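S.K.: curious how this folds, go ahead:
(chains A and B, ligands or ions: 2)
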Amino acid sequence: MAEGEKALLEVRDLRTHFDTDAGTARAVDGISFAIAPGECVALVGESGCGKSVSSMSVMRLLPSPPARVASGQILFEGRDLLGLSNAEMCAVRGKDIAMIFQEPQSALNPVFTIGDQVAEAYQIHHAGSRPREAWEKAVAALRSVGIPDPESRAKDYPHQLSGGMKQRVCIAMALICSPKLIIADEPTTALDVTIQAQILDLLRTLRKEHNLSLLLITHDLGVVAEMADRVCVMYAGKIVETAPTRELFAKPLHPYTQGLMRARPEPGSSRHGRKRLAVIPGLVPAATQFKDDCRFRTRCPLADEKCGSEPALQAYDGEHCAACWHTSAAGVQAWDARDAKGGPA
Amino acid sequence: MSAPAAPPAPAAAPGVSKGYWQLTWIQFRKRKDAYAGLFLLLLLFSMALTAPLLANNLPWYASGPEGVSFPLVRDFFFPLDHLDRFYNLLFVTLVLLGGAAGLGTAVRAKPPLGAAWLLAGLFAAVLVDQLAEMLIFLAYMVRLSPGAFPGLLGWITGLVQGGQGPEPAGIWAVRLAELGAIGFALRKIFQLYRQAQALGTRTLWVFAGVTLFLLLFFVSRTVGGRNVMPDRYRELKASGQGTVLMPLIPYGAKEPDSARTDHPPTAGHPLGCDNNGFDVLTRIIHGSRISLAVGFLAVGLALCIGILVGSMSGYFGGWFDLLSGRLIEVFVCFPSFFLILTIIAVAPRRSIFWVMFAIGLTGWTGIARLIRGEVLKVRQLDYIQAAKAIGMKNSRIIVRHILPNALAPVLVAATFGVAGAILSETGLGFLGLGVEPPTPSWGELLNQARQDPVRLWWLMLYPGLMIFMSVTLMNLVGEGLRDAMDPRLRK
Ligand SMILES: Nc1ncnc2c1ncn2[C@@H]1O[C@H](COP(=O)(O)OP(=O)(O)OP(=O)(O)O)[C@@H](O)[C@H]1O
Ligand SMILES: [Mg+2]
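M.R.: Numbers count the residues shown, from 1 in each chain, chains lettered A, B, ... in the order given. Ligands and ions are numbered 1, 2, ... in the order given. The predicted structure is shown next:
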C-alpha cells in the first residue's frame, strides 16, 4: 500500500488468545496489516498458523469464551470494530464486510432453496424490502456469479448443485449487499483444479467490477501469485514477512518463506528425477507452547543464540518487511546446502 | 365430511427440486404399516372432529308446527362445552382453509367465473366471522379463571365477551374489524383474479363443498332455531305432527337414559350402556375428542416449553444452560405421574385443561434435552457461521437455521409423547381424576368397569380397544417417521 493512501481495513497489533485447559493459546499474537480499497491481500502460512483465527477476529465471529481479543485495534474505515455493540456489528457483517468459507458443501443450509438463502442475505440488510424484490435481487446475484438459468436454479436445494456451483452461490450471498471487503478463507481448497481456476477467475472479475477489496486466505502459493497484490506470510500467530507479491516471489527474505517456496512442487523439476520436494522439517509448535523467542527457531536452518529473543518486523526494501535476525541472501544458500546433504531428516 | 384425508403426493417429476420434507414423505410411504397407521389415525381424528355430527340427540332437520329448524347444525356452530367448541371451531377452520386453497385456483380461472366471485366473497365473510369467533373463544378461555388476568387483558376480554348488561362497545370493534378484514380479503381475491391463470380440474368439487358448507353456516345463523332441547324434538317425533331427521347414532353424549343403566349391548345400543345410562358408542366417539385433545395439546405445550428452553440453552450455553440443566434434572427426578396428580389436586377447579397443563408441564424435559443436543450439533456447522457472517441476528438464526435442522428427532419424540399423554389421561380418568363427570372420556368408562369387570365386560373391552388402537397407531407413525427422517436409511 502506498504511503498516505487511506486504508479500508487496518489491523493493528491484534492478539487473539484462547483460554484452554492446557493454558492460553496465543493463536494470533500481534499481527498488523492494512488493506486499501480495491486491493487484494493474501494471508499465507501452514495449517494452524492462525489465518482463520485472524479473519474470524476481524468479523468478530469467534465464540468467547474461549476466544479473547487481548489487545489491538481493527479499524474499518477508521472505526474500531472491537468497540461496536453486537447489533452494530451485525450491521457491519454482510453489509460492509462479507465472508466466503472453505467448504461450500456445508456453508449452505440443506433445508432451504439457494434462492431463499441469497434473498435472505439481502433482506437482512434491507429491512422492509418486499419478498418479491429480494427474490429478484437474488436471481440477479446468481446470474452475476455465472449460475446458468438462475430463475429456475434459484429454486434448487443445495444438494442438487455441484461444489463449484455452491461456491458460486456463497459468493452471490457475500456480494448481494455490495460489501466493500470480502474475506475469503481458502475459497478454493475444497474444489478440484479446473473449478478452482473458474472460481478464482470469477473472484478476479467481480473484484474489478465492484472495486472490491479482498482478504484472501490460502496456503497455495500458486493462488497467491495469481490473485494477490500483496502478501502477508504468517507463522505461529505472527506475520513474519510482508511484501508486494512480485517482490516476495523474486526474493523471499525470511527463511520460512523460502522454505514455503521450496516446498512448492515446480513444474519440470521432477522430470530431472534427482530433485525431491523440499519439506520444512518439524511441525508448527502448539499455540499454547509459544515462547518469547523466534517461533521458527526450532525448524530454522539458520537458528542460533540470537534467535532466543523475538525479532521485530523490519522494512528492508521499501514495502518489503521481514522479521528475522538473519535476513540476508545467506538464507537461500543454507537451504541449498541442506538439500545437497540428502534432504531433511 | 371433508376431514384431512391422506394427502395425495404425486411423485415429483425428475429435475423438480425435492425438499427435505418431501423426501421424508416419500420415505415414509415406503413403510406400509406406518402409512396405514397414519391413515387410520387421520380417520380417528376425523371422527373426533365430526363427533357431534355422528352421534347426537339433536336432529339434523326438524319441521313441525313451530316451523323448520336445523338444531344439530345450530348446536355444532354454537356448542356450550369448551372442548366441543374448540373441536368444532377447529373443524370449521380446517374446512375453511381447504376451501380457501381450492377457491384460490378457482378465482384465478380463465375465462372468469361469476360463481367463483360470489362464493369467494361470501367465503371471505365467513372466514373472517370464524376468526372473530375464534378470538372471542380464546378471550373466553383466558377468562376461565376470573381475576387471574386483571388489568389490560381483563379489560380487553371483558370488552370482547361483553358483560351481563347491554351489548358492549367491544362487539362493534369486532364488527368493524370484520368489515375491514372482509375488504382486505376481497382486495386480495381481486388481485388473484387479475392474474387469471389456468383453472384446476378439482374446482367443481371445491365449489360444491364450499357451497354446501356456506349453506349450512347461514342456515345455522338464520333458521337454526334457538331451541336446542332434545325433548321437544322427541315429542315432535312421537306426536307425528312433523318430520325429524336424526343423525346416525341418535343419543346425546351427556343425556342419560336411566332405564338402561348397565345395559349390555343390544340392537339399539350396539356397545351397550354404562352406569349412568349413557350409550357407550356415543361416549366412545365423543371421548376420542378428550383423548386426542389431551394427547396433542399436552404434547404441544411440552413442545413449546421444550423447544424454547432447549434451543436457548443449546445455542447460548453459559449460565442459562447450567440453570436449565439443573431445572430439567429436578423435573426428571420427580415421578411424573405423582407430579401430575399433585398439580390436579391443587388446581382451583377440575377441568380437562388442567389435565393437559399438568401432562404438558411434566413432559417437556425430554424434548428440551433432545433439542439442546441437536442445537449443539447444528450450531457448529458452517452454515450457521455463514449466517452470522452475513449479519443475521441470533434469534433469527435459531428460528430459521437451527430449529428446522434440529426438529426432526423432536418430532418423532413428540409422536411417542402423544401416545404417552393419551395413556396418562386414561390413567387419570381411571382413577377418577380426569374430566368432570358428565364429560365423556375413555378412562372414565374404564373407571366404571372397575366395579365388576367381568359382568360389565363391554365397559372394559371397547374403551380398552380404543386406547390400545390409538396408542399403537401413534407409535407406528412415530416409528415410521423416525425411520423416514434418518438419512442413513434412505434409498
Ligand atoms: N476454539 C479454539 N480453542 C483453542 N484453540 C484454538 C481454537 N481455535 C483455533 N485454535 C488454535 O488456533 C491456532 C490457529 O488456528 P487457525 O484455524 O487459525 O489455523 P489456520 O491457519 O486457519 O489453519 P488451516 O490452514 O488448517 O485452516 C491453532 O493452533 C489452534 O490450535
Ligand atoms: Mg483455516
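S.K.: near ligand 1, which residues of the stretch 51-200 of chain A show up?
M.R.: A:51-53, A:66 (C-beta under 6 Å from any ligand atom). Yep, even glycine has a C-beta here, placed from its N, CA and C like the rest.
S.K.: could you identify which of those has the most neighbours?
M.R.: Of all these, the highest neighbour tally under other C-beta atoms under 10 Å in any protein chain shown goes to residue A:51, namely 25 neighbours.
S.K.: next up, the contacts around that one.
M.R.: A:43-45, A:185, A:217, A:219, A:234 (C-beta atoms under 8 Å, 6 or more residues apart in numbering or on different chains).
S.K.: for stretch B:318-331, list every residue counted as buried.
M.R.: B:321, B:324, B:328, B:331 (16 or more other C-beta atoms under 10 Å in any protein chain shown).
S.K.: flag the least confident of the residues of the stretch 51-200 of chain A next to ligand 1.
M.R.: Across these, the smallest pLDDT goes to residue A:66, namely 84.
S.K.: ok, now how distant is that residue from chain B?
M.R.: 12 Å (C-beta to the nearest C-beta, to the nearest Å).
S.K.: residue A:187 too?
M.R.: From residue A:187 across to chain B, the span is 13 Å (C-beta to the nearest C-beta).
S.K.: mind checking the SS state of that residue?
M.R.: coil (DSSP: H, G, I helix; E, B strand; the rest coil).
S.K.: would you confirm that it contacts residue A:202?
M.R.: No. Between residue A:187 and residue A:202 there is no contact, the gap being 9.9 Å when judged by C-beta atoms under 8 Å.
S.K.: anything in contact with each of the two?
M.R.: What both residue A:187 and residue A:202 touch, as defined by C-beta under 8 Å, 6+ apart, is the set residue A:171.
S.K.: count of neighbours near residue 41?
M.R.: All of this refers to chain A. Around residue A:41 there are 24 residues (other C-beta under 10 Å).
S.K.: wrong one, I was asking about chain B
M.R.: So residue B:41, with other C-beta under 10 Å, has 20 neighbours.
S.K.: report all helices and strands that the helix or strand that contains it contacts.
M.R.: Element membership for residue B:41 (DSSP states H and E) is helix B:32-49. Helices and strands touching helix B:32-49, by 3 or more C-beta pairs under 8 Å, 6 or more residues apart in numbering or on different chains; DSSP states H and E, are helix B:20-30, helix B:82-107, helix B:280-316, helix B:457-485.
S.K.: can you show me the helices along the stretch 351-491 of chain B?
M.R.: Using DSSP state H, counting those that start in this stretch, the helices of the stretch 351-491 of chain B run over B:352-379, B:382-389, B:394-396, B:403-430, B:442-449, B:457-485.
S.K.: next to chain B in this structure, residues from chain A, please.
M.R.: Applying C-beta under 8 Å from any C-beta of the partner chain, one finds that chain A approaches chain B through A:59, A:61, A:87, A:90-95, A:98-99, A:101, A:103, A:106-113, A:120-121, A:124-125, A:155-157, A:160, A:170, A:173-174, A:177.
S.K.: now the residues you listed: which count as buried?
M.R.: So, by 16+ other C-beta under 10 Å, the buried ones in the residues of chain A next to chain B are A:59, A:61, A:90, A:92-95, A:98-99, A:101, A:103, A:106-113, A:120-121, A:124-125, A:156-157, A:170, A:173-174, A:177.
S.K.: re the thing from before, nearest to residue B:233, out of the helices of the stretch 351-491 of chain B?
M.R.: helix B:442-449 (26.9 Å; C-beta to C-beta).
S.K.: compute the inter-axis angle for the closest one and helix B:352-379.
M.R.: With axes from the mean of the first three to the mean of the last three C-alpha atoms, to 10 degrees defining the directions, helix B:442-449 sits at 130 degrees from helix B:352-379.
S.K.: what's the mean pLDDT across helix B:442-449?
M.R.: 84.
S.K.: please enumerate the helices of the stretch 201-345 of chain A.
M.R.: Going by DSSP H, counting those that start in this stretch, the stretch 201-345 of chain A shows helices at A:221-227, A:245-250, A:255-262, A:330-340.
S.K.: what is the burial count for residue B:263?
M.R.: Number of residues near residue B:263 (other C-beta under 10 Å) recorded here: 17.
S.K.: ok, now residue A:168?
M.R.: 24.
S.K.: and for the helix or strand containing it, what's in contact with it?
M.R.: If you go by DSSP H and E, residue A:168 is part of helix A:163-175. The contact list for helix A:163-175 (C-beta under 8 Å, 6+ apart) reads A:94, A:98-101, A:104-105, A:107-108, A:114, A:117-118, A:121, A:138, A:141-142, A:144-147, A:153, A:158, A:161, A:182, A:187-188, A:190-192, A:195, A:198-199, A:202-203, A:206, A:210, B:386, B:390.
S.K.: 7 Å - rerun?
M.R.: A:98-101, A:104-105, A:107-108, A:114, A:117-118, A:121, A:141-142, A:145-147, A:158, A:161, A:182, A:187, A:190-191, A:195, A:198-199, A:202, A:206, B:390 (C-beta atoms under 7 Å, 6 or more residues apart in numbering or on different chains).
S.K.: what are the C-alpha coordinates of that helix, in CSV please?
M.R.: Only the C-alpha atoms of helix A:163-175 are listed here, as CSV (Å, rounded to 0.1, in the frame of the first residue of the first chain):
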residue,chain,number,x,y,z
GLY,A,163,-19.4,-28.0,-5.3
GLY,A,164,-18.3,-25.3,-7.7
MET,A,165,-21.9,-24.1,-8.1
LYS,A,166,-22.4,-24.0,-4.4
GLN,A,167,-19.3,-21.9,-4.0
ARG,A,168,-20.7,-19.5,-6.6
VAL,A,169,-23.9,-19.3,-4.6
CYS,A,170,-21.8,-18.5,-1.5
ILE,A,171,-20.1,-15.7,-3.5
ALA,A,172,-23.5,-14.4,-4.6
MET,A,173,-24.6,-14.4,-0.9
ALA,A,174,-21.5,-12.5,0.0
LEU,A,175,-21.9,-10.0,-2.8
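S.K.: contacts only, for residue 298.
M.R.: Picking chain A for this. The neighbourhood of residue A:298, defined by C-beta under 7 Å, 6+ apart, consists of A:282, A:285.
S.K.: please refer instead to chain B.
M.R.: B:356, B:359-360, B:363, B:421.
S.K.: same check, this time on residue A:312
M.R.: Residue A:312 neighbours (C-beta under 7 Å, 6+ apart): residue A:323.
S.K.: residue A:325 versus that one, what's the distance?
M.R.: Per C-beta to C-beta, to the nearest Å, residue A:312 is found 10 Å from residue A:325.
S.K.: any idea which of the helices of the stretch 201-345 of chain A scores lowest on pLDDT?
M.R.: The stretch with the lowest mean pLDDT among the helices of the stretch 201-345 of chain A is helix A:330-340, at a mean of 57.
S.K.: tell me the pLDDT at the closest residue to ligand 1 within the stretch 151-300 of chain B?
M.R.: Going by C-beta to the nearest ligand atom, ligand 1 is nearest to residue B:299 of the stretch 151-300 of chain B, at 37.7 Å. For residue B:299, the pLDDT comes out at 90.
S.K.: tell me if I'm right that it and residue B:422 touch.
M.R.: No. The pair residue B:299 / residue B:422 is not scored as a contact, 9.7 Å apart, by C-beta atoms under 7 Å.
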